[in-house]
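In: can't give you the sequence, but here's the structure:
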C-alpha cells in the first residue's frame with residue numbers, strides 16, 4: 001500500500017464523496033471526522049472503515065498535508081441486516097434468469113432510421129436499476145451484477161439488424177475486469193457493433209489503465225461513449241482524457257433547448273468539441289418535437305428519448321423499428337429573444 005493513492009484504494013462508488021470531503025478540507029484548512037467509506041481489500045472484497053484526519057501545517061502556517069487514522073466501522077445491526085438482505089437478493093438474481101433487457105432506439109438525424117440501441121437492465125421486482133446496482137455494490141457484488149446485465153444485453157443483439165449497434169453500460173471497474181473482455185471475445189457480436197457507455201456519474205481514478213485496457217478492443221472496432229455529458233465536470237474530464245467515439249448529451253441540456261439560447265450555445269460548443277475529437281453527438285431524453293427540431297438544426301447527429309420510443313422489452317416492437325423512419329428533419333427557427 002505504500003505509495004498508492006487513496007483514490008486507487010477507495011471503492012469506486014464512494015470516490016465522489018471522498019474527493020468532496022478532501023477538497024473541502026483543503027479549501028478550508030480543516031480536517032474531517034468519522035467519514036464512512038468502503039476500501040478495497042487485497043482479495044477484492046470491500047471493507048467499511050471510518051476515517052478521521054487533521055491538517056498538518058508548516059512553520060508559516062501553510063497547509064502541507066493531513067495526518068489521519070482509519071478504523072473498522074463500528075457494527076450496525078440494522079445496516080448489517082440490510083446488507084445481508086440485499087446480498088441475498090442479488091445472489092438469487094445472479095443464479096437465475098430473471099434479469100431482462102429493455103432496448104431504446106437511437107435514431108439518425110440524417111436518415112430518420114434506426115442507428116443504435118441502448119440496452120437497459122430491468123429487474124423482477126420493478127425497482128429502479130440504480131437501486132439494484134447500488135445494493136449490489138454495497139454487497140460487494142456490483143461488478144458481478146454489471147457482468148450479468150452485459151451478458152443479457154449482448155444476447156439481444158440477434159434481434160437487431162446488422163447496421164444497428166448495441167450500447168452497453170459499464171463502470172470503470174467492469175471495464176478493468178478480465179471477465180468483460182472474455183465475454184466480448186466469446187460473443188457472436190463483432191466489436192464494431194458494440195458501444196461501451198461510461199456514465200458521467202462514475203468516478204474514474206485510473207484513466208491510464210482504462211485507456212490501456214480499452215485500446216485493443218477499440219483497435220478491433222469497439223466504440224466508447226461518454227454518457228450524461230454536461231451534467232457535471234466529470235463528464236468533460238472523461239471526454240478529454242478518454243477521447244470517446246460518441247458524446248451523449250445529458251437530458252438537463254435538452255429540456256427546453258428550443259427556447260433557451262444558453263443551452264443552445266452550450267450544446268453547440270460540445271458539438272464543436274466532438275468535431276475536433278472526431279466524435280459523434282447523441283442527444284438523450286428528447287421529449288418534444290421542438291427539442292428534436294432544434295437539435296437537428298444545430299448539427300447533432302443522433303437522438304434518443306420518449307418522443308421517438310420508450311425503452312421496451314417487447315421484441316415485436318424491436319422488429320418494427322427495423323423498417324421505421326422517424327421524422328427527424330423538422331423545420332425550426334429560433335424565437336427572437338426580447339430584452340427589457
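Out: Received, thanks. All figures in this text were calculated on a predicted structure; none of them were measured in a lab.

In: give me phi/psi at residue 11?
Out: In terms of degrees, to the nearest 10, the main-chain angles of residue 11 are phi -50, psi 130.

In: which parts of the stretch 151-300 of the chain are helices?
Out: Assigned helices in the stretch 151-300 of the chain, in chain order: 172-175, 178-186, 207-219, 233-242, 251-254, 261-277, 289-297 (criterion: DSSP state H, counting those that start in this stretch).

In: got JSON lines for those, with mean pLDDT, mean neighbour count and distance to residue 53 too?
Out: Where C-beta positions appear, they are placed from N, C-alpha and C, glycine not excepted. Shown next, in JSON lines, are the helices of the stretch 151-300 of the chain (pLDDT from 0 to 100; neighbours: other C-beta atoms under 10 Å; distance: least, C-beta to C-beta, whole Å):
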{"stretch": "helix 172-175", "mean pLDDT": "90", "mean neighbour count": "21", "distance to residue 53": "26"}
{"stretch": "helix 178-186", "mean pLDDT": "95", "mean neighbour count": "14", "distance to residue 53": "35"}
{"stretch": "helix 207-219", "mean pLDDT": "93", "mean neighbour count": "14", "distance to residue 53": "26"}
{"stretch": "helix 233-242", "mean pLDDT": "80", "mean neighbour count": "17", "distance to residue 53": "24"}
{"stretch": "helix 251-254", "mean pLDDT": "92", "mean neighbour count": "20", "distance to residue 53": "34"}
{"stretch": "helix 261-277", "mean pLDDT": "93", "mean neighbour count": "15", "distance to residue 53": "37"}
{"stretch": "helix 289-297", "mean pLDDT": "92", "mean neighbour count": "22", "distance to residue 53": "46"}
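
In: just send those back as a markdown table, with distance to residue 39 too.
Out: Below are the helices of the stretch 151-300 of the chain laid out as a markdown table (distance: least, C-beta to C-beta, whole Å):
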| stretch | distance to residue 39 |
| --- | --- |
| helix 172-175 | 14 |
| helix 178-186 | 22 |
| helix 207-219 | 18 |
| helix 233-242 | 21 |
| helix 251-254 | 32 |
| helix 261-277 | 35 |
| helix 289-297 | 43 |
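
In: to residue 115, which of these lies closest?
Out: helix 289-297 (14.0 Å; C-beta to C-beta).

In: what's the closest one packed up against?
Out: Counting contacts by 3 or more C-beta pairs under 8 Å, 6 or more residues apart in numbering; DSSP states H and E, there are no secondary-structure elements packed against helix 289-297.

In: out of the helices of the stretch 151-300 of the chain, which is closest to residue 310?
Out: Of all those, the one in closest proximity to residue 310, counting by C-beta to C-beta, is helix 251-254 (14.0 Å).

In: what kind of secondary structure is the residue lying closest to residue 152 once chain neighbours are set aside in?
Out: Distances taken as C-beta to C-beta, 6 or more residues apart in numbering place residue 101 nearest to residue 152, at 4.9 Å, with adjacent residues excluded. Assigned with DSSP: H, G, I helix; E, B strand; the rest coil, residue 101 falls in the strand class.

In: residue 101 bridge partners, please.
Out: Applying DSSP bridges to residue 101 yields these beta-bridge partners: residue 121.

In: quick one: it from residue 185, how far?
Out: Computed with C-beta to C-beta, to the nearest Å, the distance linking residue 101 and residue 185 is 20 Å.

In: what does residue 240 give?
Out: When C-beta to C-beta is applied, the distance between residue 240 and residue 185 equals 29 Å.

In: same question for residue 100.
Out: Residue 100 sits 24 Å away from residue 185, going by C-beta to C-beta.
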